[in-house]
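Peer 1: compute the structure for the input listed below.
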Amino acid sequence: MVESPVPRKILGVIPARFASSRFPGKVLAKIASKTMLQHVYERASMAAYLTSTIIATDDQRVYDAARAFGARVRMTRDDHLSGTDRVAEIASAENAEIIVNIQGDEPLIDPAAIDASILPMVHEPGVVMSTLKKKIEDPREIGDPNVVKVVTDRNGDAMYFSRLPIPYVRDDSEEPLRCYKHIGLYVYERDFLLTYPTLPVGPLERAERLEQLRAMENGFKIRVVETEYESLGVDTPADLDRVSRLFDASILQGVRNG
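Peer 2: Prediction:
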């Protein structure tokens, strides 16, 4: 756990839609007796730097489920085009200086990774947005368009995000470069987040279908922090089965160790 104090008010927001195109209702799917949303909320609430955590939804079923397990939750408009827009609506009604957008489909989210993503925002003036990257261990992920890659400069600011392999190593005899994948957890300065939905969408964002490129195309830098956290998002029922098996294995291991 990060021990140094952070004086600024920092709000974690978990956007949670019911109407997922590939897996409707996934945030309410059960994993080891709890909904996926409850797992995300409880793990996010363990982050040392978050002042508070709130769930943002446009569905009464999600709202009722969140209230049932004691979460702070708020209904939002149902016409938002992205989770970022939903988070921005929540931010507009809160006085937190820093907003963390936490994906509602990552039940194994590491609280330490959340804290790591926040650090640049509190210690480096001028940073308006930050996110995470992890070294790619499985070579198959380099060519997988569903795994977003990122390259950064010497300061740790993103140079580009892409679904294609970056960087491209032209000469096989060169020393292999480390490739990093993007972990989709975002931290924003409140004022920047409130203007984000109004920024014009550029050709790079359209081509790659990566919303974070909007900031870069409009001249804003994104600080990228390296983490060991291995993102395990749930997009399909098969993903849910895989994560459920991990939960079962961890519970069994805990019983054995106990």
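Peer 1: so where's the stretch 1-150 of the chain shaky on pLDDT?
Peer 2: 1-7 (pLDDT under 70).
Peer 1: now do the strands in it.
Peer 2: 10-15, 30-31, 34-35, 52-57, 73-75, 98-101, 129-135, 149-152 (DSSP state E, counting those that start in this stretch).
Peer 1: what residues sit buried inside stretch 36-44?
Peer 2: In terms of neighbour count (16 or more other Cβ atoms under 10 Å), stretch 36-44 has its buried residues at M36, L37, Q38, H39, V40, Y41, E42, R43, A44. All C-beta atoms are positioned from the backbone trio N, CA, C, and that covers glycine.
Peer 1: return the residues in contact with the third one.
Peer 2: Yep, that's Q38 we're talking about. Contacts for Q38 were tallied using Cβ atoms under 8 Å, 6 or more residues apart in numbering; they are A65, F69, A71.
Peer 1: just name the closest of those residues to V187, please.
Peer 2: A71 (20.6 Å; Cβ to Cβ).
Peer 1: wait, the closest one sits on Y41?
Peer 2: Yes: the pair A71 and Y41 passes the contact test of Cβ atoms under 8 Å, sitting 5.0 Å apart.
Peer 1: what's the overlap in contacts for those two?
Peer 2: T53, I55.
Peer 1: what's the neighbour count on L199?
Peer 2: Neighbours of L199 under the rule other Cβ atoms under 10 Å: 15.
Peer 1: from what I can see it touches A215, true?
Peer 2: Yes: counting by Cβ under 8 Å, L199 touches A215, with 7.3 Å between them.
Peer 1: which of the contacts of Q38 are buried? Put it as a ChimeraX command.
Peer 2: In ChimeraX syntax, the buried subset of the contacts of Q38 is picked out as below (16+ other Cβ under 10 Å):
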select :65,71
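Peer 1: so of the contacts of Q38, which ones are in helices?
Peer 2: A65 (DSSP state H).
Peer 1: can I get the contacts of Q38 in CSV with distance to D58?
Peer 2: As requested, the contacts of Q38 are arranged in CSV below (distance: Cβ to Cβ, whole Å):
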residue, distance to D58
A65, 14
F69, 19
A71, 16
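Peer 1: quick one on the thing from earlier: in helices, which of the buried residues of stretch 36-44 appear?
Peer 2: Residues of the buried residues of stretch 36-44 located in helices (DSSP H): M36, L37, Q38, H39, V40, Y41, E42, R43, A44.
Peer 1: tell me the spacing between the fifth one and T84.
Peer 2: The span separating V40 from T84 equals 17 Å under the rule Cβ to Cβ, to the nearest Å.
Peer 1: hmm, back to that, what is the nearest of the ones in helices among the buried residues of stretch 36-44 to A19?
Peer 2: L37 (14.3 Å).
Peer 1: which residues touch the closest one?
Peer 2: Counting by Cβ under 8 Å, 6+ apart, L37 has contacts I14, A16, V27, L28, I55, V62, A65, A66, A71, G104.
Peer 1: please redo it, this time with the cut-off set to 7 Å
Peer 2: In this structure, L37 makes contact with A16, V27, L28, I55, V62, A65, A66, G104, judged by Cβ atoms under 7 Å, 6 or more residues apart in numbering.
Peer 1: what does M75 give?
Peer 2: Counted by Cβ under 7 Å, 6+ apart, M75 has contacts T57, D58, Y63.
Peer 1: now with 6 Å?
Peer 2: Counting by Cβ atoms under 6 Å, 6 or more residues apart in numbering, M75 touches Y63.
Peer 1: G12 now?
Peer 2: The contact partners of G12, taken as Cβ under 6 Å, 6+ apart, are A44, L50, T53, V100, I102.
Peer 1: for the nearest residue to V100 once chain neighbours are set aside, give its distance to V62.
Peer 2: Leaving aside its sequence neighbours, V100 sits nearest to G12 (Cβ to Cβ, 6 or more residues apart in numbering; 4.6 Å). According to Cβ to Cβ, G12 and V62 sit 17 Å apart.
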